[in-house]
Each structure stands twice: as C-alpha cells, then as structure tokens.
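In: Structure of the sequence below:
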Amino acid sequence: MSHPLLAGFPVVVEVPIQWGDMDAYGHVNNTVFFRLFESARIAYLEECGFIETYERDGVGAILHSTDCRFRRPLRYPDTALVGARALDIQSDRFTMGYIIVSRAQEAVAALGSGVIVSFDYGQEGKTPLPDVVRAGIRDIEQRTAPDD
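Out: This next block holds a predicted model:
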C-alpha cells in the first residue's frame, strides 16, 4: 500500500474507523489508537515468523511497553493506514515504530513505538529472538532500504 507518509514502513494495514470508536467528544477514543498499533504489530509478527514460532515452539512475542504521540483526532467516517517497522533489534527484543495516517485528512494522526520481547511461554521468561524471526525482520526491513 503506497502512500508518501508511509515511506519507510514496510508493513501497512488498512483499518476502517467505526462509529463506535468515537467517544463523547466526537473523535476516536485514545485507546483505539493502541488497538490500531496492535493491528499493525500483529501483521508484522505474522510476517516475520513470530506467530509461527509461538504455535510451533511456544516462543512468541510479548509487549513490554508502548507509547503514542497523538497528532490529530480521527473521526468516523475515515480509514486509518497503520504502518509498522523495526527500529532497533537486540538479543531478546526489538523496538517497533508505528504511524497512523488518516486517509480522509491525508495527514499523520499518531506516531508510536512498542518494545516487543521474545518470550518462552512454557518457561515463562524472556529468551533470545529466534533466528527465523531475526531473519524475517531483516527481510521485511530490506523492503524499505534506500537502494530499493
């Protein structure tokens, strides 16, 4: 999904804004922005192989922390374009960057990030990022490399 504001975000999901997403002030409630980030995060985790390692080995992702910088209100009707990318990869975690673009406003509605930790659900503790996930992240991020 090509949009100039999404440059550098290799994984993008399109999410329609629902009437019920709005609050008493007539704009999308702030908690919905985190659900939008989650939609992009899950798409990224599926693509990099983390969902598969969880199903096969019990090693998956767990959200350590997340934040959001609200830039513009969203309202119904609209469609959010939500991008995700890896910003920093460490031995047992990586940081994701998020962007929400309002299609109706043609503007950035929010920016955010989240720290995703590799978690062994059987042992109930963090564990190194699986090699297949690390390779999946590298493959995804190469799609936005400058020499594309």
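In: what about the residue lying closest to residue 143 once chain neighbours are set aside, how many neighbours?
Out: Closest residue to residue 143 apart from its sequence neighbours, by C-beta to C-beta, 6 or more residues apart in numbering: residue 10 at 4.4 Å. Placement of C-beta: from N, CA and C, glycine included. Residue 10: 19 surrounding residues under other C-beta atoms under 10 Å.
In: can you pull the contacts of residue 10?
Out: 84, 85, 140, 141, 143, 144 (C-beta atoms under 8 Å, 6 or more residues apart in numbering).
In: ok, 7 Å please
Out: Residue 10 makes contact with 85, 140, 141, 143, 144 under the criterion C-beta atoms under 7 Å, 6 or more residues apart in numbering.
In: From residue 103, how far out is residue 15?
Out: 10 Å (C-beta to C-beta, to the nearest Å).
In: between the two, what contacts are shared?
Out: With C-beta under 7 Å, 6+ apart as the test, residue 15 and residue 103 both reach residue 79.
In: related to what we said a few turns ago, using PyMOL, define a selection of the buried residues within the contacts of residue 10.
Out: Applied in PyMOL, the following selects the buried portion of the contacts of residue 10 according to 16 or more other C-beta atoms under 10 Å:
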select buried, resi 85+140+141
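In: Adding distance to residue 29 and pLDDT, write the contacts of residue 10 out as TSV.
Out: Below are those laid out as TSV (distance: C-beta to C-beta, whole Å; pLDDT from 0 to 100):
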residue	distance to residue 29	pLDDT
85	25	98
140	30	98
141	32	97
143	32	89
144	31	82
